[in-house]
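S.K.: Sharing a sequence plus its predicted fold:
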Amino acid sequence: MEVLERIKKQVTENPVVLYMKGTPDFPQCGFSSRAVQALKSCDVPFAYVNIFEDEEVYRALPKFANWPTFPQLYVKGELVGGCDITLDLFQSGELKKMLDEAIGKKAA
């Protein structure tokens, strides 16, 4: 499978997916770490792809979304953005709403 097809499959099959440096338990950059903290604070399951373990994805993802940096957060198949946008949405409360909707979780 071509790498762009694989990325498309990952973002469409997972309601929430973070392309990051490292893993949620061992992020390998501060931006990935902060994005993971925001996602975990929303108490919603999310998939992740460690770009250091898949060089094809590492090289192709910036072209896929026309977004040059990592991490990259996708919700319901759409690019949300990187660390700064994720943190802004978290601080405003919008990220929690967006993630709950993506996984079909009802507001408490």
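M.R.: Received it, and whenever you're ready, just let me know what you need.
S.K.: which one is Ala38 nearest to, not counting chain neighbours?
M.R.: Sequence neighbours aside, Phe90 is the residue nearest to Ala38 in space, at 3.9 Å (criterion: C-beta to C-beta, 6 or more residues apart in numbering). (Each C-beta comes from the backbone N, C-alpha and C, glycine too.)
S.K.: buried ones in the one helix or strand Leu89 maps to?
M.R.: Following DSSP states H and E, one finds Leu89 within helix 83-92. For helix 83-92, burial by neighbour count (16 or more other C-beta atoms under 10 Å) applies to Cys83, Ile85, Thr86, Leu87, Leu89, Phe90.
S.K.: just to revisit the earlier point, starting from Val3, give me the distance back to the residue nearest to Ala38.
M.R.: Counting by C-beta to C-beta, to the nearest Å, the separation of Phe90 from Val3 is 30 Å.
S.K.: Could you report the pLDDT at Ala65?
M.R.: Ala65 is assigned a predicted lDDT (pLDDT) of 89.
S.K.: check contacts around Lys8.
M.R.: Shown in contact with Lys8 (C-beta atoms under 8 Å, 6 or more residues apart in numbering): Phe64.
S.K.: Which helix or strand contains the residue nearest to Leu89 when sequence neighbours are not counted?
M.R.: Distances taken as C-beta to C-beta, 6+ apart place Leu95 nearest to Leu89, at 3.9 Å, with adjacent residues excluded. With secondary structure defined by DSSP H and E, Leu95 is part of helix 94-103.
S.K.: packing partners for that helix?
M.R.: Packing contacts for helix 94-103, counted by 3 or more C-beta pairs under 8 Å, 6 or more residues apart in numbering; DSSP states H and E, involve strand 16-20, helix 30-41, strand 72-75, helix 83-92.
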